[in-house]
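Enquirer: Okay, structure incoming, though there's no sequence with it:
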């Protein structure tokens with residue numbers, strides 16, 4: 001499976017930086033929390049960012065609206081990378 005995210009690793013985004021990606025079409029490279037392996041790649045847009053309750057309040061979860069209009073919530077640790085969709 002393709003694993004070449006072109007944006008920086010999701011763990012390296014502040015809440016403000018991640019907000020700039022909201023509602024922009026992205027591909028999400030997703031896998032298990034304790035693994036670097038990408039299990040699936042889904043396309044959609046970030047519609048909500050859930051921050052950790054303790055300082056520095058980094059992104060903990062994201063809600064993604066998929067191309068079929070369904071939504072799915074991912075722990076930021078499940079997201080191995082972001083890339084732009086292929087045209």
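Expert: Structure received. Since the structure is predicted, the reported quantities are computational estimates derived from the model, not experimental observations.
Enquirer: How many residues are close by residue 16?
Expert: Applying other C-beta atoms under 10 Å, we find 9 residues neighbouring residue 16. Just so you know, the C-beta spots here come from the backbone N, C-alpha and C atoms, and that holds for glycine as well.
Enquirer: Tell me the secondary structure at it.
Expert: With DSSP: H, G, I helix; E, B strand; the rest coil as the basis, residue 16 sits in helix.
Enquirer: Would you check how far apart it and residue 71 are?
Expert: 23 Å (C-beta to C-beta, to the nearest Å).
Enquirer: With residue 80 instead?
Expert: 20 Å.
Enquirer: can you check residue 23 too?
Expert: In terms of C-beta to C-beta, residue 23 sits 13 Å off from residue 71.
Enquirer: just residue 10 next, same as before
Expert: According to C-beta to C-beta, residue 10 and residue 71 sit 18 Å apart.
Enquirer: which residues do residue 23 and residue 71 both contact?
Expert: Both residue 23 and residue 71 are contacted by residue 47, under the criterion C-beta atoms under 8 Å, 6 or more residues apart in numbering.
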